[in-house]
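Student: Provided below for reference: sequence and predicted model.
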Amino acid sequence: MAFLESSDLLRKEHLEILRVAEHLSQALALAGKEDFTARQQGLAGLRVLRPALLGVSRHCCCEEGVLESPYHRYLDGQRFEQVDGQHKAIHRLVLAFLRDVLYATADSIADSVPQGEELVEKIREHIAYEENLLDYIEELCLVTT
Ligand SMILES: [Fe+2]
Ligand SMILES: [Fe+2]
């Protein structure tokens, strides 16, 4: 597959992941409120996000493991390791957060909000970093073709 085509797919995936981060952020805002009903809604929202968060985790397990990934082909060791480190950190945070949500109640969920916010932040940072990498690789391809 031509790089620009696969870059397009990766960027579409990034938009999906950013949407998940936005929904997560909204559910966390409710989960952290003083009002019990709001916390219940927040917890329900977080539970609904489980499949989407597992999807983010899959992204983190698979993306740079795919041999035809542009990250393999075009990135130097340092950039590649940065992506790899971010994927591993997000993967760990997603699993820990989902475990917390699974056993949380509307009262205890507020304790997990900072961890969830850290996850939102890491996801957004990671996607911004990868978008920059894709810009860099696209430029590289334009120069070398
Ligand atoms: Fe990506
Ligand atoms: Fe990624």
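Tutor: Yes, it's here. Ligands and ions are numbered 1, 2, ... in the order given.

Student: show me what whatever helix or strand Thr37 lives in is packed up against.
Tutor: Using DSSP states H and E, Thr37 maps to helix 36-48. Secondary-structure packing of helix 36-48 (3 or more CB pairs under 8 Å, 6 or more residues apart in numbering; DSSP states H and E): helix 3-31, helix 77-103. Just so you know, the C-beta spots here come from the backbone N, C-alpha and C atoms, and that holds for glycine as well.

Student: can you add mean pLDDT and give those back as JSON lines?
Tutor: As requested, the helices and strands packed on helix 36-48 are arranged in JSON lines below (pLDDT from 0 to 100):
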{"stretch": "helix 3-31", "mean pLDDT": "93"}
{"stretch": "helix 77-103", "mean pLDDT": "94"}
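
Student: kindly reformat those as JSON lines containing mean neighbour count and distance to Gly55.
Tutor: JSON lines is the format used below for the helices and strands packed on helix 36-48 (neighbours: other CB atoms under 10 Å; distance: least, CB to CB, whole Å):
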{"stretch": "helix 3-31", "mean neighbour count": "16", "distance to Gly55": "7"}
{"stretch": "helix 77-103", "mean neighbour count": "15", "distance to Gly55": "10"}
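
Student: for Val143, which of those is the nearest?
Tutor: Closest of the helices and strands packed on helix 36-48 to Val143 is helix 3-31, at 12.5 Å (criterion: CB to CB).

Student: quick one, what contacts the residue nearest the centre of the chain?
Tutor: Nearest to the mean C-alpha position of the chain, by CA atoms, centre = their mean, lies Ile123 at 3.8 Å. For Ile123, the contacting residues are 17-18, 20-21, 24, 56, 90, by CB atoms under 8 Å, 6 or more residues apart in numbering.
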